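# One predicted model, sequence on top.
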Amino acid sequence: MKRNLYIMYAISFFEGMVFYSSVSTLYRQAAGVSVFQMTVIEMISWLLSCSLELPWGIIADRIGYKRVMVLSCGLYFVSKIVFWQACGFADFLIERVILAFVISGLSGVDSSFIYLSAGADKSQRAFGICGALGTAGSLASTGVFALFLGDDFRLAAFLTVLSYLVVFVLTLFLSEVRNVESKKRTGFSGSVGILKNILKNRSLITLILAFTLIGETSHMITVFLNQLQFTKAGMSSAAISAVYMVMMLTQLSAPLSEPLTKWLKARRMGTVLFALSAAACLSLSLTAEPILSAACVLILSVSSTLLLPLSSKLENDAVTAADRATALSMGALAADILSAVLDLVFGWLADISLPLAMLFGTAAVMTGGALFLGSFGLKKTERRLVP
């Protein structure tokens with residue numbers, strides 16, 4: 001199991017090494033795809049990914065997590081080859097269709113693999129290390145592109161192909177993990193029973209809703225709305241790029257999640273991070289000052305980074321169904337739907353007024369914080385959430 005963790009750490013690093021990530025839009029435009037066509041492709045991919053979430057979870061619980069990891073990462077490798085050679089709408093659509101199978105295949109399986117390999121007590125630390133190594137891989141590939149590749153987009157895509165070949169090969173050396181909670185797995189017809197169990201598992205539902213609300217709010221602000229905020233604050237392109245690099249570096253703080261949780265305990269740590277995030281969103285709605293705007297965005301980035309390993313652990317702890325991957329896939333599907341609704345509302349409000357969008361983010365994070373606290377007050381018959 002320790003070897004499994006080292007392999008998963010390496011997989012996280014090489015998955016982060018997408019050498020064209022900083023120019024992915026320019027890459028597609030140079031290959032003849034318009035921005036509108038990109039949005040159409042993304043929508044098709046998202047819909048397909050959502051429809052495949054539950055089937056993949058059931059398959060994983062039937063055939064084993066390693067086989068699904070190998071198959072999904074093999075498709076990941078194929079998708080990067082298609083992207084490398086893609087030219088035009090149809091090629092990039094094929095790439096995203098393959099990627100939809102990959103995303104839905106890995107959803108719930110990769111976290112289950114880490115959780116069962118590390119054990120409940122050490123899983124948060126493992127999730128944090130995986131997150132930091134993924135960021136490290138992204139930083140390394142971005143640095144290589146900026147320093148050595150210039151405008152050679154195709155070479156960047158080819159190097160990404162090599163990275164994902166390594167990922168695929170690494171999965172072959174994983175050892176299968178067994179869900180000790182289950183001696184007999186349910187078939188496809190049993191998924192209805194699993195859904196009923198999840199709906200009764202109020203702690204899991206509230207955790208999924210809580211972490212989706214803060215996670216998607218942080219994502220929208222730190223990836224999309226921050227640029228509008230910085231422009232409003234009069235920041236130059238160089239300053240915006242500098243903040244982006246610092247934000248990427250803050251994501252290396254993921255391994256600190258576990259020791260901070262031990263020090264503060266899960267409830268107190270989560271409460272502090274939800275409160276800081278809500279305060280940051282509220283400040284962004286009230287200010288156009290560059291330094292304060294940058295500080296608030298960085299607070300959101302750090303908070304979401306520290307919460308991600310905690311959320312992965314608590315959600316895995318809260319799973320009571322024997323078919324873990326199926327249960328987590330159902331949770332991921334609910335999170336995807338909620339995220340899509342949040343994204344639409346954020347986009348609509350941002351077109352009307354950026355401060356209004358930030359206020360909506362404040363309300364979303366506060367609601368998430370209330371749900372997070374509420375998950376600790378559920379019936380004693382449910383599994384304890386505090387590590």
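On my side now, so go ahead. Numbering: from 1, shown residues only.
# following the stretch of helix or strand Val82 belongs to, which helix or strand shows up next?
Assigned by DSSP states H and E, Val82 belongs to helix 65-85. Going down the chain from helix 65-85, the next helix or strand is helix 89-106, by DSSP H and E.
# tell me the angle of the helix or strand following that next one relative to helix 89-106?
Once the chain leaves helix 89-106, the next helix or strand it forms, by DSSP H and E, is helix 109-118. Using axes from the mean of the first three to the mean of the last three CA atoms, to 10 degrees, the direction of helix 109-118 lies 30 degrees away from that of helix 89-106.
# helices and strands around helix 109-118, which ones?
helix 2-16, helix 35-63, helix 65-85, helix 123-144, helix 290-318, helix 324-352 (3 or more CB pairs under 8 Å, 6 or more residues apart in numbering; DSSP states H and E). No exception for glycine: its C-beta is placed from N, CA and C like everyone else's.
# Buried ones in the fifth one, by neighbour count?
Within helix 290-318, the residues that count as buried by 16 or more other CB atoms under 10 Å are 290, 293-318.
# picking that back up, dump the helices and strands packed on helix 109-118 to a markdown table, plus mean pLDDT.
Shown next, in a markdown table, are those (pLDDT from 0 to 100):
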| stretch | mean pLDDT |
| --- | --- |
| helix 2-16 | 95 |
| helix 35-63 | 87 |
| helix 65-85 | 96 |
| helix 123-144 | 93 |
| helix 290-318 | 94 |
| helix 324-352 | 86 |
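# between those, which one is nearest to Ile214?
For the helices and strands packed on helix 109-118, distance to Ile214 was read as CB to CB. The smallest value, 6.6 Å, belongs to helix 290-318.
# How far does that closest one sit from its chain's centre?
Going by CA atoms, centre = their mean, to the nearest Å, the spacing between the C-alpha centre of helix 290-318 and its chain's C-alpha centre is 12 Å.
# Same check on stretch 67-81?
For stretch 67-81, the distance to the chain centre is 18 Å (CA atoms, centre = their mean).
# could I get it in CSV with only the CA atoms?
Output of stretch 67-81 as CSV, limited to C-alpha atoms (Å, rounded to 0.1, in the frame of the first residue of the first chain):
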residue,chain,number,x,y,z
ARG,A,67,-8.3,-1.9,-13.9
VAL,A,68,-10.3,1.3,-14.1
MET,A,69,-7.2,3.4,-13.3
VAL,A,70,-5.3,1.6,-16.1
LEU,A,71,-8.1,1.9,-18.6
SER,A,72,-8.8,5.6,-17.8
CYS,A,73,-5.1,6.7,-17.9
GLY,A,74,-4.7,4.7,-21.1
LEU,A,75,-7.5,6.8,-22.6
TYR,A,76,-5.9,9.9,-21.1
PHE,A,77,-2.7,9.1,-23.0
VAL,A,78,-4.8,8.6,-26.2
SER,A,79,-6.6,11.9,-25.7
LYS,A,80,-3.2,13.7,-25.5
ILE,A,81,-2.1,12.1,-28.8
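# Please parse the chain into its domains.
2-176, 195-375 (automatic domain parsing).
# how long is the first one from one end to the other?
Think domain 2-176. One end of domain 2-176 to the other measures 12 Å (CA to CA, to the nearest Å).
# can the helices and strands packed on helix 109-118 go into JSON lines with extra columns for distance to Ser277?
What follows is the helices and strands packed on helix 109-118, written out as JSON lines (distance: least, CB to CB, whole Å):
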{"stretch": "helix 2-16", "distance to Ser277": "24"}
{"stretch": "helix 35-63", "distance to Ser277": "25"}
{"stretch": "helix 65-85", "distance to Ser277": "31"}
{"stretch": "helix 123-144", "distance to Ser277": "17"}
{"stretch": "helix 290-318", "distance to Ser277": "5"}
{"stretch": "helix 324-352", "distance to Ser277": "14"}
